[in-house]
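# Give me a model of this one.
(chains A, B, C and D)
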Number of protein chains: 4
Amino acid sequence: MLKVGIVGGTGYTGVELLRLLVQHPEVSIQAVTSRSEAGMPVAQMFPNLRGHLSLPFTDPSLENLASCDVLFFATPNGTAMKSVPQLLQAGVKIIDLAADFRLKNAAIWEKWYGMPHTCPEYLEEAVYGLPELNRAQIAQARLVANPGCYPTAVQLGFIPLLEAGAIDAHHLIADAKSGVSGAGRKAEIGALMGETGESFKAYGVAGHRHLPEITQGLNVHSTHPVGLTFVPHLVPMIRGIEATLYARLTMPELDLQALFEQRYANEPFVDVMPAGSLPETRSVRGVNMCRLAVYRPQQGDTVVVSAVIDNLVKGAAGQAIQNMNLMCGLPETMGLQAVGLLP
Amino acid sequence: MLKVGIVGGTGYTGVELLRLLVQHPEVSIQAVTSRSEAGMPVAQMFPNLRGHLSLPFTDPSLENLASCDVLFFATPNGTAMKSVPQLLQAGVKIIDLAADFRLKNAAIWEKWYGMPHTCPEYLEEAVYGLPELNRAQIAQARLVANPGCYPTAVQLGFIPLLEAGAIDAHHLIADAKSGVSGAGRKAEIGALMGETGESFKAYGVAGHRHLPEITQGLNVHSTHPVGLTFVPHLVPMIRGIEATLYARLTMPELDLQALFEQRYANEPFVDVMPAGSLPETRSVRGVNMCRLAVYRPQQGDTVVVSAVIDNLVKGAAGQAIQNMNLMCGLPETMGLQAVGLLP
Amino acid sequence: MLKVGIVGGTGYTGVELLRLLVQHPEVSIQAVTSRSEAGMPVAQMFPNLRGHLSLPFTDPSLENLASCDVLFFATPNGTAMKSVPQLLQAGVKIIDLAADFRLKNAAIWEKWYGMPHTCPEYLEEAVYGLPELNRAQIAQARLVANPGCYPTAVQLGFIPLLEAGAIDAHHLIADAKSGVSGAGRKAEIGALMGETGESFKAYGVAGHRHLPEITQGLNVHSTHPVGLTFVPHLVPMIRGIEATLYARLTMPELDLQALFEQRYANEPFVDVMPAGSLPETRSVRGVNMCRLAVYRPQQGDTVVVSAVIDNLVKGAAGQAIQNMNLMCGLPETMGLQAVGLLP
Amino acid sequence: MLKVGIVGGTGYTGVELLRLLVQHPEVSIQAVTSRSEAGMPVAQMFPNLRGHLSLPFTDPSLENLASCDVLFFATPNGTAMKSVPQLLQAGVKIIDLAADFRLKNAAIWEKWYGMPHTCPEYLEEAVYGLPELNRAQIAQARLVANPGCYPTAVQLGFIPLLEAGAIDAHHLIADAKSGVSGAGRKAEIGALMGETGESFKAYGVAGHRHLPEITQGLNVHSTHPVGLTFVPHLVPMIRGIEATLYARLTMPELDLQALFEQRYANEPFVDVMPAGSLPETRSVRGVNMCRLAVYRPQQGDTVVVSAVIDNLVKGAAGQAIQNMNLMCGLPETMGLQAVGLLP
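Model (predicted):
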């Protein structure tokens, strides 16, 4: 049994990790930390865990955390980087669900996240935890940067096209939409149901932190430098991301459906929909799956991809457990094979 | 492995049965029937099942169904009764998720359901499938009438009080609220999101079919004849029932919290919340659990119970599988131990 | 033209007052105050007001406010009472949408609101602003305590029965449900869409501040002292309250439909639904109307009333303007005759 | 007073027309027709109209309709064209809110709408009712084709750029999102709250009927032939459309903010948001307004426009009344100046 700890367990990513980990057959949860809620039973804050988890939140302490085999950081940006060096030295494997280790370039990171990076020397070592791209490196990693939610959906949708060199990489468009849980469980007026319910809007058009992360990831797999316009939107629902991707086809003869099906034929957590159908976010509610479809409307030169994930699962906690399985030599799909909650 | 069939697989109860059954370790799904959709892969209609179920819908035929060990009827009211006699003779165990066998009195059934009952001689044999009340009979049954969603929540909330003789049974009030999936997956204007979203209303105040079912169930456990006012309401959400129950206390000295905790101490699927807290429907989303709390506001003589379930799980498909487990000698909780999807 | 000011304009009650007042033909808005947002154009925070209101938020100052004819306090509880004495002396008419002047008994107020009352000598003078009960006094008042949202719906539903002496006043039950805007526009985790969406729950069962307000109001109109069990619930929608009321009939021969129709025959903002129908909250979305229906299920001795309002309109801002119209000698319905937004 | 009739009054467009028309100071509603509901009071189906409209639905008859000054057709596609010739001959002005007269080319119409056009000779005369483009012709028209909801938002967003020749017209992208009321008030499983709630999806990627309508409209104002990729999406809310538009800039020096502000400076129903802000659909809920913002992310060569409307108002009923005002010589904004319902 793996001894596992969650640092920062009071957010939506934290409770989702717990929901999945309490049922993972090879995991024993050792600690769930929260400075503000230390002492409160976790299941008091999250009653869905009643009967499944008897731990209280505890204060994070290095000794305590260092006794774990694997630590998940479900903390705000800028938290994990403060203790990662000591924890790695103590032999703990780390999966950071925040952004601290997602970008390779510290200067770019500091610009987008508005703070100095306290251990830029680990950026190189950190493996970007998108198994469909980096499976082998993840299996060897001791520090994994779990991808952002939008970046997971957008990269999985563009990768087959970029790897095939089938599109104009300079002018990609990603029109992405997320449920409100993506904003986290923070006391902010903008996330009230009175503000977000029954309404829809674009946001962050001038620049969103996931833009450099996506661009960095796509560039690895593109022969030409990637240019991306990324527009996120807020959907009045709790879970789910849909990304509609647009690109100019440079290989008009290509069988797009076959390209996607072949690329993901052996991927347990990417599902290419049959030609002519489209994915709904609810089909992946609660499960570690990216479902996508590819179109070429009116037989023109624009390719359209629609990709859906549950932002808290394949976009966060589920993918983190997928990474844990890989890092620890467990079957990649262990604990991740539930069926989406529909309706 | 149990060979299992679902008759009428295109509704919300059907897809929920499938979601749970494909992961049940002792079940093999043999058939999912639908006259109108025969031939279509089930996972085409319900894409959350992609990769989990490869069967197509098939036409129901007696031979086909008779080869199953257990059949679930997820059909409209009045369907199961037409084939139950032959199927029982063929040795199949039957769990009807519709109302055909819920009432013991055929005349009352015919009045509320507006059609003649075609096999009233089976009403006596049919066991009302609320395990918390009828566990032993269910284990012996070959025909189980799975309770309605409202009746499950209301009965579990009132039973401890009635069994203890602690309330005035003549004047019970059940103010119940349900998400829209309770109305089923039928093309009706009243269930459109344009009609039910962002709005709340009472309905069926003059009389709802679940009233005689609840009254019949409560009467079994009450020393005095039960009188109930039952008002259902429609909530703009998909899953979940909350029932707030009111009764006049006749034993003001009684420790209500202890009464409920003791009554349900050994029930795996009833969870009494700690004193001072209240359950939310989301804490049971997708899981086979009734969570409830009991109050005596202002120390007056009115007791208030709040009970929540997922109408599609403990209120339908999950309870049906709980009944299957009991009828077939499997551990009662097998396949039913997931964690609720929160948020 | 009345010179009108809104103190505390950044909440949902504030923006709703503005929505209605900018279209009121006899009102000129002089000031909208907010300490925290002083200087920001109101329409920047609330873009629905773009083109309708060019004022910025301003700091509240006594001189400034004292130049208004009427002031609306849309502030947190405990704010209005600090400046009401001076403002009344300056000749301003005041409508407090918070709770400061709703209860006649200062000790009870202090118990429920957890702070000392700074001007209890005004509690007697303050008129409780439910026009259907206190129209004449409101017309003479210089200080009106605008009723709470739940109290408006519950009192309008019970009043015809209590006035007629037709029910057992000792054992009233009010099962009330509200959309999330009732919790205000405050940065609190409990009001996030991630916490309140797709879920339903009871809250405040042990005791809610609207309980003494309702009891006080009902007692005025009842020959017997009123005993009330009041259970509020949170509905995953933004606007709307539905209250289902239960009482024991003591006059079983009474024609309930006629009783309600006669009581409200001349009320412009109370609409008794035809026998056999039930109101939906969406039918009053955005408008100053209480719609209700009365039932006697199964011809038993329990009467059931279902009453709906928009909590921000008849439950707050609309009723406040109705009171302003009365206090200032304007037609009661002026500026309040829009049609509900359905769907 | 204009004598006005609504043909087909049982849908969402119909009830929205009625909500606006009962408060229009120069309109008298003569008839609301419905074959299926003839005899039922309109306010029984739509209780928000109680107290505002006492008419029953009536059977449509030529004599009856011919006595109106203006007729609105809120009927399914293919209905208006059957009676338009006779009604025009009778001197009635007609505004068709369906698609019968939106396309100039009958062959293209028949291909997309799947039926023969019964009066193609009127396609030339019919004026496309987007006042911001065709104000003068509308004022002279006796037959107006009211634009579709998506086409209204998409055209208003692209027009300033196309008129200025500032973008590559061959490769426009419109990623549009609509609330569920856009699908109408029809008994279809796909529009149930159980199917559309808490989920998001793209649809119609292969081809949507609004594509030729948008392309036709844009071509009028573009010096180069327009090529458009149009992807609609379904949002789990009732009202509102947001369209995010993408195009390649060919005039990188252009001041986009100034371009939009100048183009719409005199338009009462188009509101250009200040630079740096973005519109929400709720800011236009219930009102006849298109609110939009323009961006050039990362100072690249892609321009992004976000435009929002209420699909039932500026996207249907409100725009129809705007057209009526123009056709009948009334002030264009009469009856259309309410404030959006926020929250």
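
# Need the pLDDT of residue A:292.
On pLDDT, residue A:292 comes in at 98.

# what's the answer for the one 3 residues further on, then?
According to the model's per-residue confidence, residue A:295 sits at a pLDDT of 98.

# And for residue A:64?
You'll see residue A:64 listed with a pLDDT of 88.

# In terms of helices and strands, where is it?
Using DSSP states H and E, residue A:64 falls within helix A:62-66.

# and the helix or strand following that helix, what other elements does it pack with?
Downstream of helix A:62-66, the next assigned helix or strand under DSSP H and E is strand A:70-73. If contacts are counted by 3 or more Cβ pairs under 8 Å, 6 or more residues apart in numbering or on different chains; DSSP states H and E, strand A:70-73 sits against strand A:2-7, strand A:93-96, helix A:317-327. Glycine gets a C-beta too; all of them are placed from N, C-alpha and C.

# Quickly run through the sheet partners of strand A:70-73, with directions.
Applying DSSP bridges, strand A:70-73 is found paired with strand A:2-7 (parallel), strand A:93-96 (parallel).

# Can you say which of these is packed in most?
When neighbours are counted by mean count of other Cβ atoms under 10 Å in any protein chain shown, the highest per-stretch mean among those falls to strand A:93-96, a mean of 25.

# Pop the domain breakdown of chain A in here.
Per automatic domain parsing, the structural domains of chain A span A:2-146+A:316-327, A:149-309.

# Need the winner for burial among those.
domain A:149-309 (a mean of 22).

# quick one on the thing from earlier: neighbouring contacts of the helix holding residue A:64?
Helix A:62-66 is contacted from outside by A:5, A:7, A:31, A:33, A:58, A:71, A:83, A:86-87, A:90-92, using Cβ atoms under 8 Å, 6 or more residues apart in numbering or on different chains.

# Only alpha carbons, please: show the worst-scoring helix or strand of chain A on mean pLDDT as PDB.
Least confident helix or strand of chain A, by mean pLDDT, DSSP states H and E, is helix A:62-66 with a mean of 91. Listed next in PDB are the C-alpha coordinates belonging to helix A:62-66 (Å, rounded to 0.1, in the frame of the first residue of the first chain):
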ATOM      1  CA  LEU A  62       7.800  18.300   7.300                       C
ATOM      2  CA  GLU A  63       8.300  15.200   9.400                       C
ATOM      3  CA  ASN A  64       4.800  14.200   9.000                       C
ATOM      4  CA  LEU A  65       4.800  14.700   5.200                       C
ATOM      5  CA  ALA A  66       8.200  13.200   4.800                       C
END
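
# Okay, angle between the lengthiest helix in chain A and helix A:317-327 too, please.
If you go by DSSP state H, chain A has its longest helix at helix A:149-163. Between helix A:149-163 and helix A:317-327, the angle formed by their directions is 60 degrees, by axes from the mean of the first three to the mean of the last three Cα atoms, to 10 degrees.

# Show me what helix A:149-163 is packed against.
helix A:131-140, strand A:172-178, helix A:210-220, strand A:228-234, strand A:241-248, helix A:256-263, strand A:290-295, strand A:302-309.

# Dump those into JSON lines; add distance to chain B as well.
Shown next, in JSON lines, are the helices and strands packed on helix A:149-163 (distance: least, Cβ to the nearest Cβ, whole Å):
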{"stretch": "helix A:131-140", "distance to chain B": "16"}
{"stretch": "strand A:172-178", "distance to chain B": "14"}
{"stretch": "helix A:210-220", "distance to chain B": "21"}
{"stretch": "strand A:228-234", "distance to chain B": "15"}
{"stretch": "strand A:241-248", "distance to chain B": "14"}
{"stretch": "helix A:256-263", "distance to chain B": "13"}
{"stretch": "strand A:290-295", "distance to chain B": "7"}
{"stretch": "strand A:302-309", "distance to chain B": "10"}
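
# Out of those, which is closest to residue B:173?
strand A:228-234 (40.4 Å; Cβ to Cβ).

# Pairing partners for that closest one, with directions?
strand A:172-178 (parallel), strand A:201-202 (antiparallel).

# That strand - what's its average pLDDT?
pLDDT averaged over strand A:228-234 gives 98.

# how far does that strand sit from the chain's center?
Relative to its chain's centre, strand A:228-234 lies at 16 Å (Cα atoms, centre = their mean, to the nearest Å).

# what's the answer for stretch A:39-59, then?
The chain centroid and the centroid of stretch A:39-59 are separated by 24 Å under Cα atoms, centre = their mean.

# now check that stretch, is it near chain C?
No. On the criterion Cβ under 8 Å from any Cβ of the partner chain, stretch A:39-59 is out of touch with chain C, staying 10.1 Å away.

# What are the contacting residues of that stretch?
Here stretch A:39-59 has contacts from A:9-10, A:15, A:18-19, A:22-23, A:29, A:31-35, A:37-38, A:64, B:271, B:273, B:277, B:279-280, B:282-285, B:287, B:291, B:339-342, using Cβ under 8 Å, 6+ apart.

# looking at the sheet around residue A:303, what are its partners?
residue A:247.

# sorry, that was for residue A:230
residue A:174.

# what about it, distance to residue A:218?
11 Å (Cβ to Cβ, to the nearest Å).

# Same check on residue A:111?
Taken as Cβ to Cβ, the span from residue A:111 to residue A:218 is 19 Å.

# Tell me the residues on the stretch 151-300 of chain A that lie near chain C, please.
A:180-181, A:183, A:185-189, A:191-198, A:236-238.

# if you set the cut-off to 7 Å instead, what comes out?
A:180-181, A:185, A:187-189, A:191-194, A:196-198, A:238 (Cβ under 7 Å from any Cβ of the partner chain).

# residues contacting residue A:206?
By Cβ atoms under 7 Å, 6 or more residues apart in numbering or on different chains, the residues touching residue A:206 are D:295, D:297.

# Residue A:116 and residue A:109 touch, don't they?
No. The criterion here is Cβ atoms under 7 Å, and residue A:116 misses it with residue A:109 at 9.5 Å.

# okay, the residue nearest to residue A:201 when sequence neighbours are not counted: pLDDT?
Leaving aside its sequence neighbours, residue A:201 sits nearest to residue D:280 (Cβ to Cβ, 6 or more residues apart in numbering or on different chains; 4.1 Å). On pLDDT, residue D:280 comes in at 98.

# got it, and the one 4 residues further on?
According to the model's per-residue confidence, residue D:284 sits at a pLDDT of 98.

# That one touches residue D:291, doesn't it?
Yes. Counting by Cβ under 7 Å, residue D:291 is a contact partner of residue D:284 at 5.7 Å.

# if I look at the two, which residues touch both of them?
Contacts common to residue D:284 and residue D:291, judged by Cβ under 7 Å, 6+ apart, are residue D:308.
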